[in-house]
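> no FASTA, just this:
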């Protein structure tokens, strides 16, 4: 080998490399092949109880824990007309400014109800500052089978504690019937704002 | 530790009735009767506590403050055991027994506490939370089901109770009973079921209910207004002063992201102690945003259009150009001292008129003379402390609970603690008077002057109560408090001044609005210059002209008109322009005339925060900042200056003084920049010098009497009513007192009244439920501006006028 | 900047626009503006493992005159702001700015007087990329989203109209001082 001209040795290296494992991540084409690590800190998600009620109670501990001041929460009362979470309180406004967020996860640690967790979703880039302030609607977890879109009543005979202990497994027939009964075109008034029933989720 | 503790040295003798005790080994001398918990505070030892409050009577309900007292087998509550000679106390810092006892109590307190701190409004500023972190266990040993109650329940429209969180400290019930005198809440049941409750049909509608939320050491009591709106760690707190009445309460305004979320009473021992009224606490929606973004100018189409400041100012300058000496300035009673001074200067030095008056309410020339001679420039007069220590307090034309709640709290405190005799010259014994254990000197409206004169003569016609009070008035330190409605009683203010002169009692005037005393100091009355100076007095004119930097000749020479006369003159076309700021025509005695005057005047400038009846007719509307956007000073009824800063420091809105300075510049008669600092300097330069004091008025008292089928109106405002500054808070309004008409049994019989009465004048009529009350015959009382009872707006009359009575049909 | 500004509108221009967009997006030359930790990720993106060369941008230009994409990677201090603006001004049109990471986009967790609260206070930003710092994949994602924008860029009179429309929208937008919530 030592006697071969430098040029040939150089080509040899190139040639051998052709048969080596390619190091490059084929990001947009083969993104399924390279999932982030299990504990990757991606976009946040506001989780739901199995019957569709929100886990967030609007306690603002995430906002308090946030070192970048990227989270803004306003709580409000659950009432008989509109219930969004078990218990007394729910998060009426929930905003995360992704241009401030540093994805440190302190908010996740602060959350007392495991309402806030992080997903693996990282393709967040956008062309406007406003677009990167995610509202509650953008952050809420999708509806899974067995879930019922809030607002609706709690499962009959349960308390907030049952929800936190995980004994509520999904929307009960009573809740579904109740929600259907409520799905009339009469507008619902919450805090002076008139919603049509279809819009009441947020 | 001992090295830094100020141990009384041998040279200074201990207090006269002091007792010597030892706390944690530190010897100290405290006045007799001092509770151990207070003594410990003096050496910087904080014994944990929930029920203890320095302004409430000790009750030892929570047992958190247990300490060891040598020689006593069991731990004792430090908040309820007074120090006695030779006592040796060991707190949790030096005594294992006390420490153990406190940990035990904390564990018991937490057994039934729901620990829902994340959703609790108190979380973050909670004494229970803090002390559990300090003195509690990290884990509970209690694994059974906790006690459960329905939550929350309404004690009133605005106070909500969560009984699960309650630690039964009885602070709220003690406050209501002892301080406010509204024992509407009480502890019921025993043991773990113990809970705060109300009677079934009587909600907690106290004027002071908001204080219970503030003193609650846990989150058991919350207000509907602040509930779940924010967390303490989000809030930025700014010390402010209440803009509602002349009590001058210090407040803490809590702000989050450019929104005021709540207001609390600020600890101001010399004024409001640690309390305030619900109006001051909850009624702040009016200041949420100014409703004008830009100046408005009325176009040729007769509609107000948004304009830029230069456009608007140019228009104002045009309108005011030929108005020198032919214009008037009306300001309401809600301006800060700085703004009042600016209007005073603007009227005199720029517009060259003395037709300036702040009293957009029933008034009289006698009142103007009284204010100019007795109130203006008198500095800090009667104080809250003096009220508390007076031998007697006479209230004339004043119901402190409705008109100046903090005065009421002080008087009740003194009446409760040291049996201060209080007498009220009014038509009937209000609930407030009852809570002050006061005596009523029953007086028909209009006869207040006679009653005061009678007191000066030794109370001859006022019965035994009157004679007793008259005798007490001669003692040093006696106080006479007069309210603003005496302006409507001819001779009453003269009689009050004469009474003070005869007896040597001190006299104080308590207006309803926060800015009135400041307006008097600023000389917003015809013939009155700042600092109690007189327009007619050469030296006064020279002093004021020097402070304003104008020539003496620029000041008007003719003494001007009062509001009613200004209104008449405006209707008669005597003015080319009117400048109106913060005036509600419906507060005046004859709203229709005022509105007619606003319509008649050729050029009307309105300097306002929000649309009003005045801006409807204005040619130019200049927007000014709300109370949260500006810094300023209120002068409370004592004469104490209450300085406050800007809550929203980034606000670009202008104060009245700045706007006036801009107008003056546009008119080429500059008065300087007139920012807050500058106006304060000017106020200092215009401090009373004693020159040009006006004569105390001496108007003979007169009285009115009604013929059959008629009655004399007695009226004053409820604390919570339909006032402009209370708009936007429905829960607060729901706790207001219901409007009723009060008549004596004989009057009711004579007019044939049963359930409802219709009161009528030429202007209109009101239909109100009747309550038969012990009061003089031929008199009817009703609130001035409550729901269904707008005396001035509907009837067009005021205190002391005559109305017709007829049985009403009911609403 | 040149010939395309003089082109008439119509079918021809639309096709030219497509062609120009295609050419431009596939030959972006980034100017480095690595200011802090984000720059490490930016360098990683350029290296073999993530290989930005796959998208036609193998060379990071240290010279602004040869670059058309400015990747602002890191917090911009008040002192760096004029420098940044000068570099931007030296870049030839057409040019684009990518604010990489929380600090460049909004000041991030450094909400203080030393840091520019978003590089859009100084230069117009075409795409914002959250993250602290963003992974190379996130940067590539942002660049690809920028590619889409570039592909759709108009030319000539169409561009003028677009600029006018954008300007109208910008003038009608709520001023920063009046914005509420997190935008404040």
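Sure, I can see it. Keep in mind that this is a model prediction, so the values were computed, not measured.
> residues from chain A in reach of chain B?
Within reach of chain B by C-beta under 8 Å from any C-beta of the partner chain, chain A has these residues: A:57-61, A:63-64, A:72, A:74-77, A:87-89, A:112-113. Quick note: C-beta positions are derived from backbone N, CA and C, even for glycine.
> So which bits of the lengthiest strand in chain A are buried?
If you go by DSSP state E, chain A has its longest strand at strand A:89-97. Across strand A:89-97, burial judged by 16 or more other C-beta atoms under 10 Å in any protein chain shown covers A:89, A:90, A:91, A:92, A:94, A:95, A:96, A:97.
> With stretch B:247-259 instead?
Buried, per 16+ other C-beta under 10 Å, within stretch B:247-259: B:247, B:248, B:249, B:250, B:251, B:252, B:253, B:254, B:255, B:256, B:258.
> And stretch B:693-702, by the same measure?
Neighbour-count burial for stretch B:693-702, counted by 16+ other C-beta under 10 Å, picks out B:693, B:694, B:696, B:697, B:699, B:701.
> between the buried residues of stretch B:247-259, which is closest to residue B:606?
Within these, proximity to residue B:606 (C-beta to C-beta) peaks at residue B:258, which comes in at 26.0 Å.
> Is that closest one in contact with residue B:651, as I believe?
No - counting by C-beta atoms under 8 Å, residue B:651 is not a contact partner of residue B:258; they are 9.1 Å apart.
> For residue B:30, give its distance to residue A:124.
Relative to residue A:124, residue B:30 is positioned 65 Å away (C-beta to C-beta, to the nearest Å).
> The two: which has the busier surroundings?
Legend: neighbour count by other C-beta atoms under 10 Å in any protein chain shown for residue B:30 and residue A:124, higher for residue A:124 (23 against 20).
> so that one touches residue A:97, yeah?
No - in this structure residue A:124 lies outside contact range of residue A:97 using C-beta under 8 Å: 11.7 Å.
> shared neighbours of the two, anything?
Common contact partners of residue A:124 and residue A:97 (C-beta atoms under 8 Å, 6 or more residues apart in numbering or on different chains): residue A:132.
> Next, format the buried residues of stretch B:693-702 as CSV and append secondary structure.
As requested, these are arranged in CSV below (DSSP: H, G, I helix; E, B strand; the rest coil):
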residue, secondary structure
B:693, coil
B:694, coil
B:696, coil
B:697, coil
B:699, coil
B:701, coil
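> restrict the residues you listed to contacts with chain A.
Answer for those near chain A: none qualify (C-beta under 8 Å from any C-beta).
> now those residues as TSV including distance to chain C and pLDDT?
Formatted as TSV, these follow (distance: C-beta to the nearest C-beta, whole Å; pLDDT from 0 to 100):
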residue	distance to chain C	pLDDT
B:693	49	82
B:694	49	84
B:696	53	88
B:697	52	88
B:699	55	87
B:701	58	83
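> count of residues packed around the residue nearest to residue B:170 when sequence neighbours are not counted?
Leaving aside its sequence neighbours, residue B:170 sits nearest to residue B:61 (C-beta to C-beta, 6 or more residues apart in numbering or on different chains; 4.7 Å). Using other C-beta under 10 Å, residue B:61 is surrounded by 21 other residues.
> Contacts only, for residue B:61.
B:51, B:168, B:169, B:170.
> And residue B:357, by the same measure?
Counting by C-beta under 8 Å, 6+ apart, residue B:357 touches B:330, B:331, B:363, B:368, B:524, B:525, B:526, B:560, B:561, B:562, B:563, B:566.
> Distance check, it against chain A.
Counting by C-beta to the nearest C-beta, to the nearest Å, the separation of residue B:357 from chain A is 39 Å.
> next one: residue B:491
Distance of residue B:491 to chain A, computed by C-beta to the nearest C-beta: 51 Å.
> I figured that residue hits residue B:704, correct?
No - checked against C-beta under 8 Å, the pair residue B:491 and residue B:704 is beyond contact range at 11.8 Å.
> Look up which residues are beta-bridged to the nearest residue to residue B:276 once chain neighbours are set aside.
Nearest residue to residue B:276, sequence neighbours excluded (C-beta to C-beta, 6+ apart): residue B:265, at 3.9 Å. Counting by DSSP bridges, residue B:265 forms beta bridges with residue B:251.
> Give me the pLDDT value at residue B:265.
As predicted, residue B:265 sits at a pLDDT of 95.
> residue contacts, it?
If you count contacts by C-beta under 8 Å, 6+ apart, residue B:265 has them with B:211, B:214, B:249, B:250, B:251, B:252, B:272, B:274, B:275, B:276, B:280, B:281.
> and which of those is nearest to chain C?
Among the contacts of residue B:265, residue B:252 lies closest to chain C (C-beta to the nearest C-beta), at 23.0 Å.
> Now do the strands in chain C.
Using DSSP E, the strands assigned to chain C run over residues C:30-34, C:69-73, C:96-100, C:127-129.
> Export those strands to a markdown table and append columns for distance to chain B and mean neighbour count.
Shown next, in a markdown table, are the strands of chain C (distance: least, C-beta to the nearest C-beta, whole Å; neighbours: other C-beta atoms under 10 Å in any protein chain shown):
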| stretch | distance to chain B | mean neighbour count |
| --- | --- | --- |
| strand C:30-34 | 32 | 22 |
| strand C:69-73 | 28 | 28 |
| strand C:96-100 | 25 | 28 |
| strand C:127-129 | 23 | 28 |
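> Is it possible to get CSV of the ones you listed that adds distance to chain A?
Formatted as CSV, the strands of chain C follow (distance: least, C-beta to the nearest C-beta, whole Å):
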stretch, distance to chain A
strand C:30-34, 15
strand C:69-73, 12
strand C:96-100, 8
strand C:127-129, 4
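> Any idea which of the ones you listed gets closest to residue B:791?
strand C:127-129 (61.3 Å).
> and that closest one, what does it pack onto?
Under the contact criterion of 3 or more C-beta pairs under 8 Å, 6 or more residues apart in numbering or on different chains; DSSP states H and E, strand C:127-129 touches strand C:96-100, helix C:101-106, helix C:136-151.
> any idea which of the ones you listed is most buried?
helix C:101-106 (a mean of 31; mean count of other C-beta atoms under 10 Å in any protein chain shown).
> what does that one rub up against?
For helix C:101-106, using C-beta under 8 Å, 6+ apart, the contacting residues are A:68, A:97, A:99-102, A:129, A:132, C:35-38, C:72-76, C:99, C:108-110, C:115, C:117-120, C:125, C:128-134.
> What is the burial count for residue 40?
In the absence of a named chain, chain A is used. Residues within reach of residue A:40, counting by other C-beta under 10 Å, total 14.
> you looked at the wrong chain, it should be chain C
Residues near residue C:40, counting by other C-beta under 10 Å: 14.
> how much space between the nearest residue in space to it that is not next to it in sequence and residue A:100?
Leaving aside its sequence neighbours, residue C:40 sits nearest to residue C:133 (C-beta to C-beta, 6+ apart; 7.0 Å). Here residue C:133 is placed at a distance of 14 Å from residue A:100 (C-beta to C-beta).
> Between those two, tell me which one has more neighbours.
The neighbour comparison of residue C:133 against residue A:100 (other C-beta under 10 Å) goes to residue A:100, with 28 against 24.
> Quick one, grab the pLDDT at the closest residue to the more buried one other than its chain neighbours.
Nearest non-adjacent residue to residue A:100, counting by C-beta to C-beta, 6+ apart: residue A:70, 3.6 Å away. Looking at residue A:70, its pLDDT is 91.
> quick one: the helices in chain A?
A:6-17, A:61-65, A:106-110, A:136-139, A:160-165, A:173-182 (DSSP state H).
> go on, the stretch 501-650 of chain B?
In the stretch 501-650 of chain B, the helices defined using DSSP state H, counting those that start in this stretch lie at B:516-521, B:538-548, B:563-571, B:591-600.
> Thanks a lot, see you next time.
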